[in-house]
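Novice: give the three-dimensional model of this entry:
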Amino acid sequence: MPGLLAAAAAVAAAFLVHGLLPALPAMTLAVVLGVLAANLPGASGWTAGRARPGLDFAGKHLMRGGIVLLGLKVSVMDVLDLGWPALVLIVAVVAASFGGTYAISRLFRLPPVTSLLVATGFSICGASAIGAMAAVRRIRHADTVLPVALVTLCGTLAIGVLPLLAHPLGLTAAVFGAWTGASVHDVGQVVATAQTAGTAALAIAVVVKLTRVLLLAPVAAVAGAHHRIGARAPGAADGSLSKMPPVVPLFVVGFVAMVVLRSTGWLSPVWLEAGATLQDILLGAALFGLGSAVRIRTLLHTGGQALLAALVSWLLIAVLGLAAAFLIAG
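Specialist: Numbers count the residues shown, from 1 in each chain. This next block holds a predicted model:
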């Protein structure tokens, strides 16, 4: 209970600051508050001790609830309105981003698990995708902390850098919006970045981004199937599937169900807004819980290579996204 109450207070504070400074996404603020709680004198001992069970619960279980409700933001009709060439391009960008980021992470000697989570978060939808992949592959909660920190850092970097490049690159509002949607990690970070170029940029950015989010389900399914095949392989732990998670976890099925429900058009704007608010609350609490496990001193000693890998990957995805944006909206 102490950890959950702390997460609730942090989410309230994040929303308050976001209301005063809309350019700062509430989800990013939640991670930052978690990192501060983990490293400020006095609070650090509390977050590592009495509050830890609740914070870990938020980082794992509330994250899954937020992923389910994320599906309410995705309408299949909006995605199809982009046209098949654009959809193929977005899928290609996600695939290239995933493969490229994983390869870069391994070149920088990051462990396979960390490389997988970083690639998932950078290519699809930030911390939500990391949480989904960790559940599918039965990756320890502690191993998600560094990837979440990296995806939050680079997504926040995009909010400041991409708008500065729009004019020198001669980008129209539509191209800038498509670039943002194709290359920025988290949905909130996409909104914060694209809105600097106006409503036209924001509209296409959100649709392109949500198309990437939609790929969370098939990527999770492929990862789950691969994990089960590995368990069957000779030399696997005991060859038994009894301890394995399903190919598609229940919360990913819930995500797909919410996408279908949104696409029917049955839900009124009031219900969609309520779902979006609850999703933000759940993900905000989860990200605070994950952020509260980040020890900056440890990160500086062990995360130097990871930071370099993340920055190179961020540059790769920005280039891929820009090329796709010119083809989608140029």
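
Novice: nearest residue to residue 259 in space, please, no chain neighbours.
Specialist: Among residues not flanking residue 259 along the chain, residue 71 sits closest, at 4.3 Å (C-beta to C-beta, 6 or more residues apart in numbering). (Glycine included, C-beta is placed from N, CA and C.)

Novice: contact partners of stretch 8-25?
Specialist: With C-beta atoms under 8 Å, 6 or more residues apart in numbering as the test, stretch 8-25 has contacts from 26-27, 29-30, 33-34, 37, 159, 186, 188-189, 191-192, 195-196, 280-281, 284-285, 288.

Novice: report the buried residues of that stretch.
Specialist: 8, 10-11, 13-15, 17-18, 24-25 (16 or more other C-beta atoms under 10 Å).

Novice: can you pull out the helices in the stretch 51-200 of the chain?
Specialist: For the stretch 51-200 of the chain, applying DSSP state H, counting those that start in this stretch gives helices covering 52-57, 63-70, 76-80, 84-107, 112-120, 127-136, 145-166, 173-183, 187-194, 199-214.

Novice: how about CSV for the ones you listed, with mean neighbour count, distance to residue 296 and mean pLDDT added?
Specialist: Shown next, in CSV, are the helices of the stretch 51-200 of the chain (neighbours: other C-beta atoms under 10 Å; distance: least, C-beta to C-beta, whole Å; pLDDT from 0 to 100):
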stretch, mean neighbour count, distance to residue 296, mean pLDDT
helix 52-57, 19, 17, 82
helix 63-70, 24, 22, 81
helix 76-80, 15, 39, 80
helix 84-107, 18, 21, 92
helix 112-120, 23, 18, 92
helix 127-136, 27, 18, 83
helix 145-166, 22, 10, 85
helix 173-183, 28, 27, 91
helix 187-194, 27, 21, 82
helix 199-214, 23, 30, 85
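
Novice: now those helices as JSON lines including distance to residue 322?
Specialist: Output for the helices of the stretch 51-200 of the chain, formatted as JSON lines (distance: least, C-beta to C-beta, whole Å):
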{"stretch": "helix 52-57", "distance to residue 322": "38"}
{"stretch": "helix 63-70", "distance to residue 322": "25"}
{"stretch": "helix 76-80", "distance to residue 322": "21"}
{"stretch": "helix 84-107", "distance to residue 322": "10"}
{"stretch": "helix 112-120", "distance to residue 322": "20"}
{"stretch": "helix 127-136", "distance to residue 322": "21"}
{"stretch": "helix 145-166", "distance to residue 322": "9"}
{"stretch": "helix 173-183", "distance to residue 322": "5"}
{"stretch": "helix 187-194", "distance to residue 322": "13"}
{"stretch": "helix 199-214", "distance to residue 322": "12"}
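
Novice: out of the ones you listed, which gets nearest to residue 265?
Specialist: Proximity to residue 265 (C-beta to C-beta) singles out helix 76-80 among the helices of the stretch 51-200 of the chain, at 8.0 Å.

Novice: how far off centre is the closest one?
Specialist: Here the centre of helix 76-80 is set off from its chain's centre by 21 Å, with C-alpha atoms, centre = their mean, to the nearest Å.

Novice: nearest to residue 293, of the helices of the stretch 51-200 of the chain?
Specialist: helix 145-166 (4.6 Å).

Novice: what about that closest one, distance to the chain center?
Specialist: 11 Å.

Novice: now the residue nearest to residue 259: how far from residue 306?
Specialist: 30 Å (C-beta to C-beta, to the nearest Å).

Novice: these two - which one has more neighbours?
Specialist: residue 71 (25 against 22; other C-beta atoms under 10 Å).

Novice: can you give me the pLDDT of that one?
Specialist: Looking at residue 71, its pLDDT reads 79.

Novice: in contact with residue 55, which residues?
Specialist: By C-beta under 8 Å, 6+ apart, the residues touching residue 55 are 3, 6-7, 34, 47, 288-289, 292-293.

Novice: name the helices or strands packed onto the helix or strand hosting residue 288?
Specialist: Element membership of residue 288, judged by DSSP states H and E, is helix 269-291. Where contact means 3 or more C-beta pairs under 8 Å, 6 or more residues apart in numbering; DSSP states H and E, helix 269-291 is packed against helix 2-20, helix 26-39, helix 52-57, helix 63-70, helix 127-136, helix 145-166.

Novice: try it again with 6 Å
Specialist: helix 2-20, helix 26-39, helix 63-70 (3 or more C-beta pairs under 6 Å, 6 or more residues apart in numbering; DSSP states H and E).

Novice: list the buried residues of it.
Specialist: For helix 269-291, by 16+ other C-beta under 10 Å, it's 275, 279-291.

Novice: same thing with stretch 135-145?
Specialist: Result for stretch 135-145 [16+ other C-beta under 10 Å]: buried residues 135-137, 139, 141, 143-145.

Novice: which pair of those spans the longest distance?
Specialist: So, these by C-beta to C-beta: farthest apart are 136 and 145, at 17.9 Å.

Novice: which residue, neighbours along the chain excluded, lies closest to the residue nearest to the spatial centre of the chain?
Specialist: By C-alpha atoms, centre = their mean, the mean C-alpha position of the chain lies nearest to residue 126, the distance being 1.6 Å. Using C-beta to C-beta, 6+ apart and skipping residues adjacent in sequence, the residue nearest residue 126 is residue 186, 3.5 Å away.
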